Structure formats: structure tokens, C-alpha cells
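[1] This is a predicted model, with the sequence first.
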Amino acid sequence: MNASVSVELQELCFRYPHGGKDAPHTLEGVTLAVERGSLLAIIGHTGSGKSTLVQHLNALLKPSAGTVLIEGKNIHENKHAIREARFRVGLCFQYPEYQLFEETVEKDIAYGPKNMELPAGEIAARVHRAAGLVGLDAALLPKSPLELSGGEKRRAAVAGVVAMEPQVLVLDEPTAGLDPHGRGQMHAMIRRFRRETGRTVLLISHSMEDVAALADRVLVLDRGHAAMHGTPAQVFARAAELEAMGLSVPPVTRIFRLLREKGVNVPAEVFTVAQAEEAIRGLL
Amino acid sequence: MPSPLITFDNVSFHYAVEGESSPAARALSFAVEQGAFVALLGRNGSGKSTAAKLCNGLLTPTAGQVRVGGLDTSLEENLFEIRRRVGMVFQNPDNQIIAAIVEDDVAFGPENLCVAPEEIRRRVDAALAEVGMLEHRLAEPHKLSGGQKQRVAIAGVLAMQNDCIVLDEATAMLDPRGRHDVMDTVLRLNRERGITVLLITHFMEEATQADRVLVMDGGSLALQGTPAEVFAQPEALRAAGLELPAPARLAEALRSVLPSLPSGVLTEEQCAEAIAAALRKGAGA
Amino acid sequence: MIRDITIGQYFAGDSPLHRCDARMKLALTFAFMIVIFVCGNFFSLGLIALAALALALLSRVPGGMLLRSLRPIVMLVVFTSVLNLLYTTDENTHALLQIPLHFRGWVITVTREGAFTAIFTTVRILCLLLVSSLLTYTTTPSMLTAGLEHLLKPLAKLRVPVAAFAMMMTLALRFVPTLVEETDRIMNAQKSRGSNLETGSLLQRVKAFVPVLVPLFISAFRRAAELANAMESRCYTGTNERTGMKQLRLRARDYIALSAVLLLLGGVVTLNVFFGKIV
């Protein structure tokens, strides 16, 4: 086992009891190693198994076959390991603001740490650290979650997961339904979290712009199989295959592909605006 | 000049909340012409959903007047006709489908209008075919994808033989394929059936296909014009909490290297064409 | 996946039973139940059982599915059978079997009459259940609602809000799967924050569900508000007259079904008179 690997999946299979081989949300032998501190984006069409995959990481689902190792430890080994996995892998679901339930934002963020049975002082410290990491103003902490704006609710909910200080943070569609400003804030939050904690992040997203902006590596799931795994440049260079799976590439990549079709000699693996600038500068 | 279908005349609206009361709509004036495709953009909390609900009398103005085909939305007796003409599709696909079977849901509107049963049947089948959901007419809504549910909601509006569809962030919760299918359907209904569309969204790319773009911020109109005009004003858009569509953003960034790139580039094709042209010019210079 | 749940137990099909009018099916199911209670001896019971089996065949619902719907009642059937077997003893009964318990000289006596009653009751319960599940297997929940609404329409004259009641049933049918799915999602989200929903004392578990119930209620209210907007936008007022796309229409087959049930009733009564009532 490689000491720098944070999440390792070995031949992970999952089928729902009554579903067949081709039923949606299954997994068919996914093997994967995620380097500690990196950000892995998981992309795939709806039903490709993304959500099923991440629900294995904190033992919400039990694999039909295969193993999940978090920091080298099999999380399905026994009851204790399962419970531990809940805190070592912070799983933040889609539209997490719908899980807020406490009277105040502060209490809601403290829910996870409380379940970890940490001392009161440590809980308070973590709540404030988490609020800072997600960019939530301390003045909002004593408010009711119902008084927050949409973007603030989303960040408060993420803080509730971040406050458990997990070794791996999993975000399922964190920018879904947000406006451009909210998306920008979410990007900034993810960057800040990585910079300040050095923890591993897994990001599920339908937005190729999110992926292009944030990911170190990309895993492409297609009908439960790991169809591609590589750097964003490697994955986005295979645009035709992605499109066949019902996925797309970032707009910048598409524009550069059009340029190549027009006979302009630009590289295929361009996916951010900065890279595009670089490539055009190279032509002049 | 086509006649306006929906007119907002100096409309203001306050939610009746005690304490802080910043108006959700402030002196709004605009018109949506018959057969037009108008996009209304704005960040969360800019008042764009309030504007949507003002269109069919779900909310009535605290000051000013909203008219649909000349009918004042603040008069109770007009509401039936207004709501028949202006159909709404809301953000959450789950919370607007009423019946446990797709075709029963599409029939809901015409049933409320007391249309004769055989006529409802005909309209339901036609509307479902129009949005490409006829084969799912006996499906249970909770087994459909988000994009399919939104198309069922559009069929529900069409079955009322409406003039206009107001889509209140109807694509916000969909995956890219669902969003694409819904946009395709709406565009086709506008182009081929002449149905007026008011598309409320925060996806800039969707607005590039509109005839006209309105930008709201803080309850009032911040910008308006054709997509090319509005998206040529990146600073004003940013001040309203929005951004340029991706191709325009790329063109703007590349202008430091290719100063001859024009502004107001909207589609990917236009962007690639403009870059290629600018490169040729650059090489020629 | 939870998304696969189906409300009720409708079995999609096109049998004569499926095609019958929902009102007629509701009324005839009720009539059949009365017939089952009227029957008084093994001959009439046999006739009823035959009729129920014939209906089951006619519905083309797979036998396995029908058996599955009978399963929940097995315990009740066993329980009542045992009671009937053991407690039907008086001076006029004929002992079939005597099991001496070596305790205070107690003896368990199984009588012929007890055995008869046990069998009789069992067949009755099974027929009752079979016929009512055939109703739900061959009628969609929405048609059931519509049928019920029509049958209860006379009550509207007594100011009973029948239409509103039917609309509530429709919405409930539509939203139960959505809310089940949502509950599942919220439970997973809170489990991911370390909430323990599976172990602990009853009180602890009830407390552990607060983080699930609060968001569920908030969300249900939000859904209700949005749904009200959507319904109003489509010209629903709650008070106005409405038409219905699906008109319930009585056809020849419905009258045939009616005649068949009447015939069955006649047969059962005749057999009761002819052979006397034993129960």
C-alpha cells in the first residue's frame, strides 16, 4: 500500500437487491486510488453510479464485493470501523441546506462534533474554524438557519460536515442551483479548505467548469464502470468519448476544438481561460 | 410592432414581513411582446421570482399595475383568464406535478377550465407529443428524471391553450441533459408555435438565445437590451452579481492578447470564428 | 433504489376485470363481501370460493402476487383457526381428538364442529382478502379515487366536501413516494454527521429522529406552499366546477359483472335455504 494514498477502492461492486446488472446506480468493479491532499472530480451521467460510489466511502452502503480503504483501513471491517468512517469521511449531500434542523446555525454546525463526543471547548473551537473555512460570518452563528439566504444556508450546511474535520471531504454537487456569485463563493471555499487543511476532497459535479477550475484528477463513471481516470487535460482531450456517455467538456475546450476545425493550430487539452490565453499567446 | 402581452407599469411589491422591508420589486416597467422570447436574469434575491409571480396574479403589486393582454392582474375576476393565458413552470419539478399519473397531471388545467372530456383527451395527447413525452403518458411522475418532469409541466401549460410560458428558474435543478431538453422544447414552442416565453434564469448561456434580455438587481431593472448589447457590458453585469456567458468571458480574457476581438460574442461558434479572424488579422499585421 | 416504489399494488394489465368501471368494481367488491357474510354452509361457501377463484383467473394477475397479498393475514388465520378448534366445545359436539395435558388434569379437546368452524372461517377470510386485493390489483389508485368520489357524490348535498377529499387523496398518492425518498435522503445526510438512528433505548432513538423529522416537516411545508402556487397557476380554486378527462362510463361488461354478482347472491341464498345454516 502506498503511504500517500488517502482513499483506495479495490474492485468495488454494488448491486441493488432487485436490480439487474444494467440497472442504474450500480457499481461494477471500480478500482481507484486517491492521493492524499488532492482533489478528485467524479463525473458521469445521472444514474452512472456517482452517488452510489460516494455513499460507500462513509459506509452508508455496504459493497456487494470489493473493499474500501480509508487511510489504509478497511471501513467495513466491523461496527466500530463503520462508525469511525462516518467521521473520517465527511459526506455532504446534494442540496445539503435541506438537512439543517437546529434552532441556530451554531448548534447545527455543532451536531456532527457532538455526535463525535468531543469536549465542549473543542466543539466550540471547531464550529468557529468551520464557519471561517466556509466563509460564514460569525454574526450569523446565533441566527436561525431559516433566516439565512440560499447561499449562506448552503455554506452553513457544508460547515456542519467540515466541523467534523474529516480526512476526506466529499461534496455532491455543491454548486447545484447557485447563481454565478454563489458558485464563485463555493469555488473559493473549496480552495480555502484545501489550502488550510491539506485534506483530500472528492467532488461530484455536472458542471465541467467546476471540474476544470478545481480538479487535480478526474474519474469518469459510465454505467457503474470507471470509464476514464486521469488529469483534466487527459480526460477532456477525449471529448468525443465523453459526449457519447452523455457528458460534455468545458466550453473553453469546445471553442478550441472549433478553432482546430477551422485550421488554427491550438492544443486540444485546453480547459481553462488561463490556459487558453497561454495557448493563443504561443501562436503570436 | 407586435402588441405587448404582459406589461409591467411602474410596479412595486413589498412582502408583508414585519421589521426589515426592502421591496422585492421597485418601480419595474417593462413589456413582453406577443411571440417574443425574453430572458430575465438576476442573482438570488434580485426579485426575479417575485416578478414571475406578479405575471399571473399569484402576487399583486403594492403599487403600479401588471396587465396581461390588457387585463389587470389585481382584479379577481380577471385571474382565471390571465392564468389560462400565462402558464407557469416552477423551479422544483417535484412540487408542481399534481397527479400520480403523467396524463392525469396534464389534464389538470383543462379540467379546471371545464373543458369537455373528449377535448381534454385530445389536448393532453397533443401537448404530451409536443414535449416528447407521449410514450410516458401512463408513467408515475416520481419515476421520471427532472428534465422529463419539467417537460410534463410544460405540457400541462400547453393543454390549457396558453399564449405564454413563464419559466421561473425551471432549469436550475436539472442535470445538463435535462436542461438541454427543456431549453430545446421551449425554443421550439417559441419559434414554431409562436408561444411567448419569459425565461427566468441564472444560467447566462440560456439567455444568449433570447430576443431580449432583462437584468434585475435589488428589485429593479439594471440592464436591458438584446443579448449582444447586454453581454457587451461585463462590468455592469458583475455589479449585478452575474457574469458573462463562457464564450464571452473567454473573448474578454483573450482581448489582452488579441485586442481586435469584438465584444458581445455570444455563442461558442461566434467565439471561435472571432478568435480565428483576430488571429488572421494579427498574423497579417 | 427507493425511486422504484409503487403506491398501492396495481398490476398493469388489460383483463376484463381491469376494464370494468371503477365505481362498479367498488360497489361489487362491497356486495361480494356481503355475500361472503351471508353464506351459511359448505355448499354456499364452495360456490363463493369458486367465484373468487374464477375472478382471480379472469384478472390475469400472477398467482405469486396474489399469494403475496395474502401473506400478511396468515398469522390472523392461524390464530382464529386455533381458537375455533379449541373453544368450540359443548355437550352437542363430537370429539375428534383428545390430547391430555399432564397438568392439573387438563385435556385439550378438538371437536368436529371446531374443525368445521376453523375451516369455514379460514376460507371466508381468504376469499374476502382475495376479492379486495383483486380490486386494488386491477384498478389504479387514481381510478379508485375517482370511483370513490363518484360513489360519494350524494354526500356533497349534505355539504360533505367530497371533491376536496378526493383531491387530497390524489395529492397524497402523488406525494407519498416523494416524501419517502426525501426521508431516506435526510436520514443518510444525518447519519453522515454521525447520528445514530439504529441503536439505543427507545427514548434515545426518538430523540435521534428529531434531526430527520424537523427538516422533513420544513420541506413538507415548503412543498405544500409551492404546490398551492402551482395549482392556483393552473386555475384551480378549490370551489369551482371541474370536468374530468377520464369519464367513468358503465358498459355492457359492467352490467354483466353486476348480474354475475347478483346471480352469486341468489345462488348463495338458495343453497343456504336448501341445506340449512350451520354457522
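    Here it is on my side, so go on.
[2] the strands in chain A, which residues?
    A:5-14, A:27-35, A:39-44, A:65-70, A:73-74, A:89-92, A:168-172, A:200-204, A:217-222, A:225-230 (DSSP state E).
[3] Does chain C have contacts with the first one?
    No. Strand A:5-14 does not reach chain C (CB under 8 Å from any CB of the partner chain); its nearest approach is 11.6 Å. Placement of C-beta: from N, CA and C, glycine included.
[4] Give me the helices and strands touching that strand, please.
    strand A:27-35, helix A:50-57, strand A:65-70, strand A:200-204 (3 or more CB pairs under 8 Å, 6 or more residues apart in numbering or on different chains; DSSP states H and E).
[5] okay, those in CSV with mean neighbour count and mean pLDDT next?
    Formatted as CSV, those follow (neighbours: other CB atoms under 10 Å in any protein chain shown; pLDDT from 0 to 100):
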stretch, mean neighbour count, mean pLDDT
strand A:27-35, 19, 95
helix A:50-57, 23, 95
strand A:65-70, 18, 95
strand A:200-204, 25, 97
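[6] and of these, who's closest to C:Gly276?
    Smallest distance to C:Gly276 across the helices and strands packed on strand A:5-14 (CB to CB): 64.8 Å, for helix A:50-57.
[7] and the angle for the closest one with strand A:168-172?
    150 degrees (axes from the mean of the first three to the mean of the last three CA atoms, to 10 degrees).
[8] Do helix A:50-57 and chain C come into contact?
    Yes. Judged by CB under 8 Å from any CB, helix A:50-57 and chain C are in contact via A:Gln55.
[9] which residue ranges form the strands in the stretch 151-279 of chain C?
    Shown for the stretch 151-279 of chain C, no strands are assigned by DSSP state E, counting those that start in this stretch.
[10] what does the stretch 51-200 of chain B give?
    Applying DSSP E, counting those that start in this stretch to the stretch 51-200 of chain B gives strands spanning B:63-68, B:71-72, B:86-89, B:164-168, B:196-201.
[11] closest to chain C out of those?
    strand B:86-89 (4.2 Å; CB to the nearest CB).
[12] quick one: strands adjacent to that closest one?
    The strands that strand B:86-89 pairs with in its sheet are strand B:164-168 (parallel) (by DSSP bridges).
[13] one step back: Serialize the helices and strands packed on strand A:5-14 to a markdown table and add fields for distance to B:Ala107.
    Putting these into a markdown table (distance: least, CB to CB, whole Å) gives the following:
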| stretch | distance to B:Ala107 |
| --- | --- |
| strand A:27-35 | 40 |
| helix A:50-57 | 34 |
| strand A:65-70 | 47 |
| strand A:200-204 | 37 |
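[14] so which of these comes closest to C:Arg185?
    Nearest to C:Arg185 among those is helix A:50-57 (10.0 Å), distances taken as CB to CB.
[15] what about A:Glu77, distance to A:Lys62?
    From A:Glu77 over to A:Lys62 the distance is 12 Å, taken as CB to CB, to the nearest Å.
[16] Can you add distance to A:Lys50 and give the strands of the stretch 51-200 of chain B back as CSV?
    Output for the strands of the stretch 51-200 of chain B, formatted as CSV (distance: least, CB to CB, whole Å):
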stretch, distance to A:Lys50
strand B:63-68, 43
strand B:71-72, 48
strand B:86-89, 27
strand B:164-168, 27
strand B:196-201, 25
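[17] what's the closest of those to A:Asp222?
    Ranking these by their distance to A:Asp222 (criterion: CB to CB) puts strand B:196-201 first, at 29.1 Å.
[18] Can you check the pLDDT for B:Val166?
    pLDDT recorded at B:Val166 is 98.
[19] so what's it up against?
    B:52, B:55-56, B:86-89, B:198, B:200 (CB atoms under 8 Å, 6 or more residues apart in numbering or on different chains).
[20] Specify which member of those is nearest to A:Pro232.
    Using CB to CB, those come closest to A:Pro232 at B:Ile200, 32.3 Å.
[21] Just the pLDDT for the closest one.
    97.
[22] Quick check: B:His202 vs B:Leu5, distance?
    24 Å.
[23] So those two - more neighbours on which side?
    B:His202 (25 against 22; other CB atoms under 10 Å in any protein chain shown).
[24] With adjacent residues omitted, what lies nearest to that one?
    Once flanking residues are discounted, B:His202 sits nearest to A:Asp179: 4.1 Å by CB to CB, 6 or more residues apart in numbering or on different chains.
[25] Correct me if wrong: the one you found contacts B:Ser49.
    No. Using CB atoms under 8 Å, A:Asp179 and B:Ser49 do not qualify as a contacting pair, with a distance of 11.9 Å.
[26] and chain C, which residues reach chain B?
    C:3-4, C:6-7, C:140-142, C:170-171, C:173-174, C:177-178, C:181, C:222-223, C:226-227, C:229-237, C:240-247.
[27] Buried only: go through these for me.
    If you count burial by 16 or more other CB atoms under 10 Å in any protein chain shown, the buried members of the residues of chain C next to chain B come out as C:7, C:140-142, C:170-171, C:173-174, C:177-178, C:181, C:223, C:226-227, C:229-236, C:242-243, C:245-246.
[28] Provide a list of residue ranges in the stretch 151-279 of chain C with pLDDT below threshold.
    C:278-279 (pLDDT under 70).
[29] Which parts of it are helices?
    Applying DSSP state H, counting those that start in this stretch to the stretch 151-279 of chain C gives helices spanning C:153-156, C:162-191, C:202-208, C:210-233, C:252-275.
[30] which stretches of the stretch 151-285 of chain B form helices?
    With DSSP H, counting those that start in this stretch applied, the stretch 151-285 of chain B shows helices at B:176-193, B:204-207, B:227-230, B:234-239, B:246-254, B:268-284, listed in chain order.
[31] Tell me the residues of the stretch 51-200 of chain C that contact chain A?
    So the stretch 51-200 of chain C meets chain A at C:182, C:185-186, C:188-196 (CB under 8 Å from any CB).
[32] I'd like to know which of the strands of the stretch 51-200 of chain B is closest to A:Gln99.
    Of all the strands of the stretch 51-200 of chain B, strand B:164-168 comes closest under CB to CB, at 24.6 Å.
[33] Can you tell me which of the residues of the stretch 51-200 of chain C next to chain A is closest to A:Arg199?
    C:Ser192 (16.0 Å).
[34] residues in contact with that closest one?
    A:58, A:60, A:86, A:90-93, A:161.
[35] so who does C:Gly267 touch?
    So C:Gly267 contacts C:44, C:47 (CB under 8 Å, 6+ apart).
[36] how close does it get to chain A?
    43 Å (CB to the nearest CB, to the nearest Å).
[37] next one: B:Pro110
    Per CB to the nearest CB, B:Pro110 is found 31 Å from chain A.
[38] hang on, that residue packs against B:Arg123?
    Yes. Counting by CB under 8 Å, B:Pro110 touches B:Arg123, with 5.7 Å between them.
[39] So which of these two has more stuff around it?
    B:Pro110 (28 against 21).
[40] domains for the chain, by residue range?
    If you meant another chain, say so; for now it's chain A. What automatic domain parsing lists as the domains of chain A is A:1-92+A:167-180+A:199-233, A:95-165.
[41] my question was about chain B
    Taking automatic domain parsing as the reference, chain B has its domains at B:4-227, B:244-285.
[42] is the last one anywhere near chain A?
    So that's domain B:244-285. Yes. Contact between domain B:244-285 and chain A is present through B:246-247, B:249-250, B:253-254, B:256-258, B:268-269, B:271-273, B:275-276, B:279, B:282 (criterion: CB under 8 Å from any CB).
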